[in-house]
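> need coordinates for the following:
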Amino acid sequence: MLKVIGRSVLWLFRWTIEGERPTAPKYVLIAAPHTSNWDFVFLLAYAWTFEVHVAWLGKKEMFRWPFGGFFRLLGGIAVERSSSGNMVDRMAELFDERELLALTVPVEGTRSHVDYWKSGFYHIAVAAKVPIVMSYLDYPNKLGGFGPAFMPSGDLVTDMDALRAFYDGKKGKNVEWTGRIRLKEEDALDEEQACAAP
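Modelled structure (predicted):
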């Protein structure tokens with residue numbers, strides 16, 4: 001039924017399906033760019049079309065009655081924002097506990113323009129030893145789907161270069177809100193290399 005709903009939504013809005021269903025049983029899912037509330041609707045539509053049950057994080061207040069059960073049905077996982085310091089460890093434990101998990105992590109963190117992606121997605125994948133899968137929505141061309149998966153190598157810049165190459169040219173609904181695909185840690189690495197240079 002969900003597959004039919006997903007395909008119907010995409011057909012109604014004239015979106016084209018690209019890519020293939022991820023084969024890994026567990027992975028961190030990047031959904032980008034994120035510039036509109038519609039992104040979540042289309043993410044679910046593509047996920048249901050590919051028969052992928054995505055999980056996503058939300059503040060625990062969202063999961064109170066009367067909508068808590070509905071959000072959990074859609075894959076929501078309640079988190080305590082005030083204890084975000086150990087979020088990476090908590091998500092790594094969640095991967096250990098589950099046989100199947102496609103965890104969507106908001107890399108931009110907001111629909112507005114940001115200068116940096118949040119690095120949680122990367123550190124969770126490294127800690128949990130799971131691949132990163134790239135999904136996308138390209139609004140001007142009405143294309144979306146799942147891209148390739150890759151295991152983070154530990155070479156942050158090289159891995160981010162792969163992400164930048166994949167998302168190059170893919171535009172969100174509000175193009176002016178599209179953020180840079182860069183982590184703050186990359187700036188720190190640049191500074192270290194500059195200081196180490198003779």
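> following element in sequence after the one helix or strand residue 102 maps to, please.
Assigned by DSSP states H and E, residue 102 belongs to strand 101-105. Using DSSP H and E, the helix or strand that directly follows strand 101-105 along the chain is helix 120-128.
> could you check the angle strand 101-105 makes with that next one?
Taking axes from the mean of the first three to the mean of the last three C-alpha atoms, to 10 degrees, one finds that helix 120-128 is oriented at 150 degrees with respect to strand 101-105.
> so what does helix 120-128 touch, helix or strand wise?
With contacts defined as 3 or more C-beta pairs under 8 Å, 6 or more residues apart in numbering; DSSP states H and E, helix 120-128 has these neighbours: strand 26-32, helix 87-97, strand 101-105, strand 132-138. C-betas here are computed from N, CA, C, even on glycine.
> can you tell me which helices and strands the shortest one packs against?
This means strand 101-105. So strand 101-105, by 3+ C-beta pairs under 8 Å, 6+ apart, packs with strand 26-32, strand 54-59, helix 87-97, helix 120-128.
> what do you get if the cut-off is 6 Å, keeping everything else the same?
Under the contact definition 3 or more C-beta pairs under 6 Å, 6 or more residues apart in numbering; DSSP states H and E, strand 101-105 sits against strand 26-32, strand 54-59.
> pull the residues that contact it.
26-29, 31, 52, 54-56, 95, 120-121 (C-beta atoms under 6 Å, 6 or more residues apart in numbering).
> again, only this time at 7 Å
If you take C-beta atoms under 7 Å, 6 or more residues apart in numbering as the criterion, strand 101-105 is touched by 26-29, 31, 52-56, 91, 94-95, 120-121, 124.
> now that strand against strand 132-138, angle please.
Using the same axes, to 10 degrees: strand 101-105 against strand 132-138 is 60 degrees.
> got it, and the second one?
Direction vectors for helix 87-97 and strand 132-138, defined by the same axes, to 10 degrees, enclose an angle of 110 degrees.
> can you pull the buried residues of helix 87-97?
87-88, 90-92, 94-95 (16 or more other C-beta atoms under 10 Å).
> could you dump the residues you listed to a markdown table with pLDDT?
Listed next are those as a markdown table, based on pLDDT from 0 to 100:
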| residue | pLDDT |
| --- | --- |
| 87 | 87 |
| 88 | 91 |
| 90 | 91 |
| 91 | 93 |
| 92 | 95 |
| 94 | 94 |
| 95 | 97 |
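> in CSV, list these along with distance to residue 151.
What follows is the buried residues of helix 87-97, written out as CSV (distance: C-beta to C-beta, whole Å):
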residue, distance to residue 151
87, 21
88, 17
90, 21
91, 17
92, 15
94, 19
95, 14
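> report the central residue of this structure.
Among the residues of the chain, residue 30 comes closest to the average C-alpha position under C-alpha atoms, centre = their mean, at 2.4 Å.
> for the residue lying closest to residue 181 once chain neighbours are set aside, the count of nearby residues, please.
Spatially, and ignoring its direct neighbours in sequence, residue 181 is nearest to residue 164 (4.8 Å; C-beta to C-beta, 6 or more residues apart in numbering). Neighbourhood size, residue 164 [other C-beta atoms under 10 Å]: 12.
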